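> I need the structure of the sequence given here:
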Amino acid sequence: MAEFIPGFNVLKLGWRALRLRKTPLTATAAQTRRLSSSCRPNSFGLLFDIDGVLVRGRTPIPAAKQCFRKLVDGNGKYKVPVVFVTNAGNCVRQTKAEQLSHLLEVEVSPDQVMLSHSPLRVFSQFHKMCVLVSGQGPVLEVAHNLGFQNALTIDMLREAYPLLDVVDHNRRPKDVVPPSKELPQIEAVVLFGEPIRWETNLQLIVDVLLTNGRPGNTVTSIKYPHIPVLACNMDLLWMAEAKNPRFGHGMFLVCLESIYKKITGYDLQYEALIGKPSVVTYNYAELLIRQQAESLGWTEPIQRLYAIGDNPMADIYGANLYNRYLQSMRHARAQVQVQGGSASQVAGDIQCETVDDAKNSGKVMVGGSYEHRLPEGCSSILVCTGVYSRDQQDLPPDQTVTEQRIFHGHRDFRFDPNLTQPSFVVHDVLEAVELVFQQEGWPLE
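Just a heads-up that it's a prediction; the model follows:
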């Protein structure tokens, strides 16, 4: 797999709050019309969310196994390009691929797996910095795999400064206080996912931000803006085996943001917000889809992407935001060509009809090689086996889901109801894939 994406540019995206209109479980006549009147073979790819779509915790959703048995031929080879796009980030791709292979009973390659932190590979400007990483699982291995050469963990920081973590009385130093160890100045904070001991992580991360990367020093004044913070996975909630959704990394970010503002009076700023629904996630996924198409021997460019997910606030919003980006790119390219230019002249800071966040937060990397043909569009398909459920379909026709609930998107999102409307709503992932193959005129059996 390529380790970088050429020609990336910086785009500051401000996201808006989300809502979802009542949509029938079966697609309407307007929804089921073909996306193209002349669908060509070998021209589409599938992006699968994992939690709530394929599995609930460690338990496969029955329709998922049926679905993937149909997606591979008798030799176990995929019929179409498939990439798994998840906001999980507590492991490396190899581990997640092995888990999926076992659960779905088909071979899944690491090159088909995109975790929330995967796009950090292109953030090379941070790779030589001393960074503090937070999360759970093999966070050092994950950091090194992404290109970070000088990473420190929360546990390493806690051991170096034993007086910082004192919420749990049983973890406080006993009797003789060990001396502190001098560590390099921390230049950035990278948040991979929800940690196990929230109180420890929140305390030490705030210490690092208040002391400009030197948590052993006394805070004499607040330096603002603080050192860069890069956060992966903004999901407030996710669906496991429990009957109700569980806290996700987005909930941890809410806590961190609230604590920092309460102490300093300033908003916590993000150098990057990565994972669905950010455009960089889908740009990176499109790169992986192209690579999968090449491995299948496909020679035609991918024209259409279908993103299948269970979370309107992440999967549907993200796919629709990426579709808007693709339309903006096509429009910009057409204008350049009319003026006699080439595709490579298209600027990488296209606004995609979004509005920059007023707090200058949430910058992400977008783009790619402007010479290759981008997909025509990305359709969003919402399944009802995860965060979104049938119960939400019982609202009156004029009532939206978010009018019944408090907004669950990230703080730096802005309200745009159009981006929460799925192209299709189906019961499960098998129905989703059957719908896609029907749209494309492909036999699934």
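> Would you check how far apart Asp235 and Pro312 are?
Asp235 is 12 Å from Pro312, where distance means C-beta to C-beta, to the nearest Å. Where C-beta positions appear, they are placed from N, C-alpha and C, glycine not excepted.
> These two: which is more packed in?
Taking neighbours as other C-beta atoms under 10 Å, Asp235 and Pro312 compare with Asp235 leading, 32 against 26.
> List the contacts of the more buried one.
87, 248-250, 275-276, 311, 313-314 (C-beta atoms under 8 Å, 6 or more residues apart in numbering).
> Inside helices: which ones of the residues you listed?
Among those, DSSP state H puts 249-250 in helices.
> Return the residues in contact with the residue nearest to His408 when sequence neighbours are not counted.
Using C-beta to C-beta, 6 or more residues apart in numbering and skipping residues adjacent in sequence, the residue nearest His408 is Leu236, 4.5 Å away. By C-beta under 8 Å, 6+ apart, the contact list for Leu236 reads 247-248, 250-251, 254, 313, 408-410.
> Now render those as JSON lines, adding pLDDT and neighbour count.
Below are the contacts of Leu236 laid out as JSON lines (pLDDT from 0 to 100; neighbours: other C-beta atoms under 10 Å):
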{"residue": "Phe247", "pLDDT": "95", "neighbour count": "15"}
{"residue": "Gly248", "pLDDT": "94", "neighbour count": "24"}
{"residue": "Gly250", "pLDDT": "95", "neighbour count": "23"}
{"residue": "Met251", "pLDDT": "97", "neighbour count": "18"}
{"residue": "Val254", "pLDDT": "97", "neighbour count": "15"}
{"residue": "Met313", "pLDDT": "86", "neighbour count": "30"}
{"residue": "His408", "pLDDT": "80", "neighbour count": "23"}
{"residue": "Gly409", "pLDDT": "82", "neighbour count": "24"}
{"residue": "His410", "pLDDT": "88", "neighbour count": "24"}
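> ranges for the helices of the chain?
62-71, 93-104, 139-146, 154-160, 198-210, 249-264, 279-295, 317-338, 429-440.
> List the buried residues for the second one?
This points to helix 93-104. 93, 95-97, 99-100, 103-104 (16 or more other C-beta atoms under 10 Å).
> so Ile308 bridges to which residues?
Phe48, Ile381 (DSSP bridges).
> Can I get stretch 286-300 in CSV, CA atoms only?
This file holds the C-alpha atoms of stretch 286-300, laid out as CSV (Å, rounded to 0.1, in the frame of the first residue of the first chain):
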residue,chain,number,x,y,z
GLU,A,286,-10.7,6.5,-2.3
LEU,A,287,-7.0,5.9,-2.7
LEU,A,288,-7.4,2.5,-1.2
ILE,A,289,-10.3,1.7,-3.4
ARG,A,290,-8.2,2.6,-6.5
GLN,A,291,-5.5,0.3,-5.3
GLN,A,292,-8.0,-2.5,-4.7
ALA,A,293,-9.4,-2.0,-8.2
GLU,A,294,-5.9,-2.3,-9.7
SER,A,295,-5.3,-5.5,-7.7
LEU,A,296,-8.5,-6.9,-9.3
GLY,A,297,-7.2,-6.0,-12.8
TRP,A,298,-9.7,-3.3,-13.3
THR,A,299,-8.5,-0.7,-15.9
GLU,A,300,-11.4,1.7,-15.9
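> give me phi/psi at Pro422?
Dihedral pair for Pro422: phi -70, psi 150, per degrees, to the nearest 10.
> what sits against the closest residue to it other than its chain neighbours?
With sequence-adjacent residues excluded and distances taken as C-beta to C-beta, 6+ apart, Pro422 is closest to Leu382, at 3.9 Å. Counting by C-beta under 8 Å, 6+ apart, Leu382 makes contact with 20, 23, 309-310, 312, 315-316, 388, 422, 424-426.
> re earlier: and of the helices of the chain, who's closest to Val219?
Of all those, helix 198-210 sits nearest to Val219, with 4.9 Å by C-beta to C-beta.
> Taking the centroid of this structure, which residue is nearest it?
Centroid-nearest residue in the chain: Gly275, 1.8 Å away (criterion: C-alpha atoms, centre = their mean).
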